[in-house]
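Colleague: sequence and predicted structure below; questions after.
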Amino acid sequence: MENRVKIAFVGVGNISGIYLKNLTTTFSREVEIVGVCDLIAERAETAAREYGIKNVYKDYDELLADGSVEVVLNLTRPNEHYAITKKGLLAGKHVYSEKPLATNFENGRELLALAKETGLRLGGAPDTFLGGGIQTCRRLIDSGFIGTPVGATAVLLGCGHEVWHPGPEFYYEKGGGPMLDMGPYYITALVNLLGPAVSVMGRAKASYPQRVITSQPNYGKIIDVEVPTHYCGIIDFANGATAQIVTSFDVQYARFGRYIEILGSEGTLRVPDPNDFGGEIRLLRAGETQWKEIPMALPYPDNSRGLGLADMAHAIRTGRGHRACGEQTCHVLEIMTGIERSSDENRTVFLETTFQRSKPMQYTRLVGILDD
Ligand SMILES: NC(=O)c1ccc[n+]([C@@H]2O[C@H](COP(=O)([O-])OP(=O)(O)OC[C@H]3O[C@@H](n4cnc5c(N)ncnc54)[C@H](O)[C@@H]3O)[C@@H](O)[C@H]2O)c1
């Protein structure tokens, strides 16, 4: 147990609950939470009390000054990610960040270069691609069950987070919008199933200049929209496949509001919603008329947020590469921001970055302990 990797949270907001739960239960053999901090001290104090965490730092500087902390878990809002991650790396800590890595590609690229220069690990959400659902799909595609991948469709259609999130303003500030917010799930899944992309095209627009919050506690508050809220993108992959992606906060729920399908020469694979770790997998192959339900063959079907961090922690100890790696999250950021750049500049954007797909997850009976 003393070999566990020591981590500290910066940001203890809405999403922190599932990380606190999973890292103190399922993944508690890989990591130890040694401290937490938040601008709203009460949030950190409550988490520390509830989960028996030793340190509540008064601020991020105090967290970074704690020599026992090996990894910073960055759970701040998107437009805070870059500065927090950079400061963590400069202080000699490994960093695992919630998505997106940064709100523009240049900042993401800088963080990746900094991690390489300093020899520190940079990891990033989402880690849903490590769940049983997408990992089973990856095995099916890699084993030829749909033949040669030709294309893919990824769709996330909805009316925006202001209907449920208690502080939804950041989704409409720079760094928000449905592409940087939800795109990471869909595009991380796509690049894990199809490999790296080479170019993108897109259209991006904001259908409404203002939004009305209907969640509590700010019911009725009007907020200005600073980012596109409806995106259509085309992604060309190095393996020759072409995907289309639509992400929107501007519409009501569609018949198929959230889905990914991978289309191959010999069949079509319905991939579970990449916002989740599991879900239904269905396969229709050439010559068949019925979709077949495919059982999930890999572990982590439930909300296992923290799995990517646990994998990075294990990798720090063994020296292997970690799966939710900086190269991947930076590549995903370049794809997402490239779609908007393509729209702004009315041209195809050729990507600078690439990445190597991580080793598939292994079947293991020791849930919560990662493979070497
Ligand atoms: N809410 C969700 O369902 C959800 C799901 C998946 C991923 N995420 C991602 O998680 C991240 C956080 O989202 P959230 O919904 O938890 O936001 P949130 O606003 O609820 O929480 C962010 C917290 O970070 C704190 N913070 C900001 N700067 C800080 C600093 N310098 N030092 C200490 N604390 C600081 C804030 O005070 C706040 O408590 C975002 O990147 C989001 O995209 C959220």
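Modeller: Cool, the structure landed. Bear in mind that the values here come from a model prediction, so they are computed numbers and not experimental data.
Colleague: in the stretch 101-250 of the chain, what residue lies closest to the ligand?
Modeller: When scored by CB to the nearest ligand atom, the stretch 101-250 of the chain has residue 167 as its residue closest to the ligand, at 5.1 Å. Placement of C-beta: from N, CA and C, glycine included.
Colleague: next up, phi/psi of that residue, please.
Modeller: When quoted as degrees, to the nearest 10, the phi and psi of residue 167 stand at phi -140, psi 70.
Colleague: got the contact list for it?
Modeller: 13, 14, 218 (CB atoms under 8 Å, 6 or more residues apart in numbering).
Colleague: helix/strand/coil for the residue nearest in space to the middle of the chain?
Modeller: With distances taken as CA atoms, centre = their mean, the residue of the chain nearest its centroid is residue 126 (2.0 Å). Of the three states, residue 126 takes coil according to DSSP: H, G, I helix; E, B strand; the rest coil.
Colleague: isn't it right next to residue 191, touching?
Modeller: No - under the criterion of CB atoms under 8 Å, residue 126 is not in contact with residue 191, lying 11.7 Å apart.
Colleague: common neighbours of those two, please.
Modeller: Common neighbours of residue 126 and residue 191, counting by CB under 8 Å, 6+ apart, are absent.
Colleague: what packs against the top helix by length along the chain?
Modeller: The longest helix of the chain (DSSP state H) is helix 326-345. Applying 3 or more CB pairs under 8 Å, 6 or more residues apart in numbering; DSSP states H and E, one finds that helix 326-345 contacts helix 105-118, strand 122-124, helix 177-194, strand 197-205, strand 230-237, strand 349-350.
Colleague: measure the residue nearest to the centre of the chain to residue 182 for me?
Modeller: To residue 182, residue 126 is 10 Å away according to CB to CB, to the nearest Å.
Colleague: name the residues contacting each of the two.
Modeller: With CB under 8 Å, 6+ apart, residue 126 and residue 182 have common neighbours residue 275.
Colleague: and the buried ones among the contacts of residue 167, selectable in ChimeraX?
Modeller: Of the contacts of residue 167, the buried ones can be selected in ChimeraX as follows, counting by 16 or more other CB atoms under 10 Å:
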select :13,218
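Colleague: ok, the contacts of residue 167 vs residue 63, which is closest?
Modeller: The closest of those to residue 63 turns out to be residue 13 (CB to CB; 15.7 Å).
Colleague: surely the closest one forms part of a strand?
Modeller: No - read with three-state DSSP, residue 13 is coil and lies in no strand.
Colleague: tell me the contacts of residue 245?
Modeller: 153-155, 183, 186-187, 190, 231-235, 339.
Colleague: got it, and residue 253?
Modeller: Counted by CB under 8 Å, 6+ apart, residue 253 has contacts 157, 158, 159.
Colleague: next one: stretch 257-267 to chain centre, how far?
Modeller: 20 Å (CA atoms, centre = their mean, to the nearest Å).
Colleague: list the buried residues for that stretch?
Modeller: Neighbour counts over stretch 257-267 (16+ other CB under 10 Å) mark 258, 259, 260, 261, 262, 263, 264, 267 as buried.
Colleague: looking at the residues you listed, which are in strands?
Modeller: 258, 259, 260, 261, 262, 263, 264, 267 (DSSP state E).
Colleague: how does this protein divide into domains?
Modeller: The chain breaks down into these domains under automatic domain parsing: 5-128+304-326+336-350, 130-293.
Colleague: skipping adjacent residues, who's closest to residue 286 in space?
Modeller: Leaving aside its chain neighbours, residue 286 sits nearest to residue 266 (5.0 Å; criterion: CB to CB, 6 or more residues apart in numbering).
Colleague: model confidence for the one you found, exactly?
Modeller: pLDDT for residue 266: 98.
Colleague: same question, residue 1
Modeller: The per-residue pLDDT reported for residue 1 equals 61.
Colleague: now the residue of the chain found nearest the ligand: phi and psi?
Modeller: Ranked by CB to the nearest ligand atom, the top residue of the chain for proximity to the ligand is residue 13, at 1.8 Å. Note on residue 13: its backbone torsions stand at phi -100, psi -150 [degrees, to the nearest 10].
Colleague: hmm, back to that, now distance to residue 360 too, for the domains of the chain, in JSON lines please.
Modeller: Conversion of the domains of the chain to JSON lines gives the following (distance: least, CB to CB, whole Å):
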{"stretch": "domain 5-128+304-326+336-350", "distance to residue 360": "9"}
{"stretch": "domain 130-293", "distance to residue 360": "6"}
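Colleague: many thanks, have a good one.
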